[in-house]
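Asker: quick check, what structure comes out for this input:
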Amino acid sequence: MPDCIEFGAYTKFNNGLCTECYQTKNGNPWVSGVIKGRIAETIIEQLFISLEFQVFKYGMENSIPGITDLLKGVRGDVVKNIRQMPDFVVFKNKQAHFIEVKYRKSGKLSITDIEKYGTYPFKNALFVLITPKHIKCISYAELKANKEITEKCRNWLGDRKEFETDKDLIKEYCKYATKFFENVD
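Answerer: The predicted model follows:
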């Protein structure tokens, strides 16, 4: 059995850390992920407000406050659909869009990332990906057609016909993303 390199406790990996030592050294990865996600959501929320969209927080944390703790360990289709609720509904010019915000340092997003918990129920959602360098966007339909966002792809948010957005303003918000995420794992 492998031992923790710090204290000799059980670990899954040779020359690795046990869970307690890993969290002490690196912080809780779940909490870190939540913080990164919230920062990404805030950047996108403010971007769409600046683009004169009406922005409505929609995700489970906002639509059903307090449900997160209740859902721990609970399974089923309804729970899965609640967990997969998009983060926002944005509205402008009599058109509404579901927006799901993701942060990925790698700059990659594929259908396997979205459907790792099962089929995604919001077929008309748009996924806005923030990376330390870019803000990109892809539809669920495009992901289902095996398209993906990669570091080198040109799926710029400013090129989406759904938004007819101000590219200069988006570039300004890319600078905010870079500022907040340039030194984040």
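
Asker: who does Gln95 form a beta bridge with?
Answerer: Lys92 (DSSP bridges).

Asker: which residues in the protein form strands?
Answerer: With DSSP state E, the ranges of strands along the chain come out as 54-57, 88-92, 95-103, 126-130, 135-139.

Asker: list the helices and strands the longest one packs on?
Answerer: For strand 95-103, the helices and strands in contact under the criterion 3 or more C-beta pairs under 8 Å, 6 or more residues apart in numbering; DSSP states H and E are helix 29-50, strand 88-92, strand 126-130. Every residue, glycine included, has its C-beta placed from N, CA and C.

Asker: hey, which of the ones you listed is tucked in deepest?
Answerer: strand 126-130 (a mean of 26; mean count of other C-beta atoms under 10 Å).

Asker: what about the residue lying closest to Gly158 once chain neighbours are set aside, neighbour count?
Answerer: The shortest distance from Gly158 to any non-neighbouring residue, by C-beta to C-beta, 6 or more residues apart in numbering, is to Lys167 (3.9 Å). Residues within reach of Lys167, counting by other C-beta atoms under 10 Å, total 11.

Asker: returning to that earlier point: okay, the strands of the chain in a markdown table with mean pLDDT next?
Answerer: Shown next, in a markdown table, are those (pLDDT from 0 to 100):
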| stretch | mean pLDDT |
| --- | --- |
| strand 54-57 | 96 |
| strand 88-92 | 96 |
| strand 95-103 | 96 |
| strand 126-130 | 97 |
| strand 135-139 | 96 |
